[in-house]
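In: what follows is a predicted protein model with its sequence.
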Amino acid sequence: MVQSDGCPPQAHHCARRAFLKASVLTVGAATIVPRHVLGQGQTPPSEKLNIAGIGVGGMGAANLNNMASQNIVALCDVDFNYATKTFKKYPQAKTYRDFRVMLEKQTDIDAVMIATPDHTHAVIAMAAIQCGKHVYCQKPLTHNVYESRMLTLAARRAGVITQMGNQGHSSESMRLICEWIWDGALGAIREVDAWCSLTYYPWGHAYWSPIVGRRPQETPAVPDTLDWDLWIGPAPMRPYHRCYHPGSWRAWWDFGSSMIGDRGVHTLDPVYWALKLGHPISVEASSTDMNDDTYPVASILKYEFPARGDLPPVSVTWYDGLQPPRPDELAPDRIFGNREGGVLFKGDKAKLMCGVYGESPQILPESSMKATRRPPKTIPRVNTSHEMDWVNGCKTGRQPSSNFDYAGPYNEMCVLGNVAKRMNQQKLLWDGEKMEVTNLPEANAWIRPPYRDGWSLGPEVISDPLKR
């Protein structure tokens, strides 16, 4: 049944009421009360979780399909036409356009799946956390560095179960890569190349390519089924055009997160995990075709990380729309990475190559691969889908491995690269603890870009008394 929400775009949502009604966990001046604190307890594993989907016309439909064994009780999308197939698949679910209205009105929701465009991830996830809901949020976790930090802190304080939608993180191959490296198979690693050879040119993404060039001049009518003001959300307002919705938003600074947020959050995952990276100390970018509207056609990003415990300093180079030099150790008949990209770890004993999602890890040269024993399995395995691992965690209180304590700092690293692209060919010296570029003050405007009037991430959380 389609329900009319009848609420203006800047409606007062349930997060604000949650702040005022209880005082159990504090975020800044606000109060966060997870549902299990309110006398209901965690959901027993034998019972089904009540899940709401927000952004269900594209990737969100696939995420929900992997959770279909649970109760899908609510569906929210700003475009009812785009979401109609998902609405029909779950006819028992109540439908909404505005996530704030859904969180305000529907009290039986245990957990929320978010798969909207990148620029709205943070405001939706924060609202859900402030209402005490468990959160699954598609990658990239957020559109900018500040949002990632705030979600990490808020989720930790609220005690909710979280997971970022970087599905490869739950794979066997991702764990094998970490275990090989931790077991010393590659020796000391001081350099890594990672890449995605896809590009967004023509702007609007090659999959849709509705226009070639910059921001469109024509202003077609907004479809009746679409709430364009809600789609824009906290981003700067611009007239509706098909080059932004339903799929081409990834190409634009205001809405997407460039290829490092699109594919890079998958590809760099084993690098961040296996090398225990933490905050970089610097990042610099060299990009082609810079402009104020669309991401560059191609970029090279270089991150520098300090020594970490007994791990040496390491340089990580990311190639957007490009490919690094092919290693001499790779046989001529072998594919370098996969058709989209991959990773090459360069150790002083051997190299390791894998695909975009960590798949098909291979030690180079092949003689080293044959001589290398399988390392002990020291990382717990995931024997279900990435989504269901989160669902099971919601029921038992166990955090999955890509929870926001991991995904938040990792996402900060990725989207910091977009700040470097803004400051093209200038090295940014980064103080991760302070969330500050120390040598180019003008770059800090992109760490926390302003929201459109009427939108807020909620109370600021900078100090963290629960820091571990």
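Out: That came in fine, so what should we check first?
In: any idea which residue sits dead centre in this structure?
Out: Centroid-nearest residue in the chain: residue 140, 1.9 Å away (criterion: CA atoms, centre = their mean).
In: mind pulling up the phi and psi values for it?
Out: Phi and psi for residue 140, reported as degrees, to the nearest 10, are phi -70, psi 150.
In: now swap in the one 5 residues further on and tell me
Out: Dihedral pair for residue 145: phi -60, psi -50, per degrees, to the nearest 10.
In: still on that earlier bit, does the residue nearest to the centre of the chain really touch residue 410, like I thought?
Out: No - the pair residue 140 / residue 410 is not scored as a contact, 9.5 Å apart, by CB atoms under 8 Å. C-beta here means a position set from N, CA and C on the backbone, and glycine is covered the same way.
In: overlap in contacts, those two.
Out: Counting by CB atoms under 8 Å, 6 or more residues apart in numbering, the contacts common to residue 140 and residue 410 are residue 265.
In: which residue, neighbours along the chain excluded, lies closest to residue 172?
Out: Nearest non-adjacent residue to residue 172, counting by CB to CB, 6 or more residues apart in numbering: residue 381, 6.8 Å away.
In: state the pLDDT value of that neighbour.
Out: Residue 381 carries a pLDDT value of 97.
In: for it, which three-state class applies?
Out: When classified by DSSP: H, G, I helix; E, B strand; the rest coil, residue 381 comes out as coil.
In: what does residue 342 give?
Out: At residue 342 the chain is in strand, as set by three-state DSSP.
In: rewinding a little: now do the residue nearest to residue 172 against residue 229, distance only.
Out: Separation of residue 381 from residue 229 (CB to CB, to the nearest Å): 45 Å.
In: over to residue 171?
Out: Applying CB to CB to residue 171 and residue 229 gives a distance of 39 Å.
In: about what we covered before: who touches the spatially closest residue to the residue nearest to the centre of the chain that is not a sequence neighbour in this structure?
Out: Leaving aside its sequence neighbours, residue 140 sits nearest to residue 261 (CB to CB, 6+ apart; 3.9 Å). Neighbour list for residue 261: 118, 139-140, 143, 414-415, 418 [criterion: CB under 8 Å, 6+ apart].
In: for my notes, confirm residue 261 occurs in a helix.
Out: Yes - counting by three-state DSSP, residue 261 is found in a helix.
In: and the pLDDT at it?
Out: If you check residue 261, the pLDDT there is 94.
In: again with residue 43
Out: Residue 43 is given a pLDDT of 67.
In: now do residue 25
Out: With respect to pLDDT, residue 25 scores 33.
In: on that earlier part again, is it true that the residue nearest to residue 172 touches residue 174?
Out: No - contact criterion CB under 8 Å: residue 381 and residue 174 do not qualify, at 10.5 Å.
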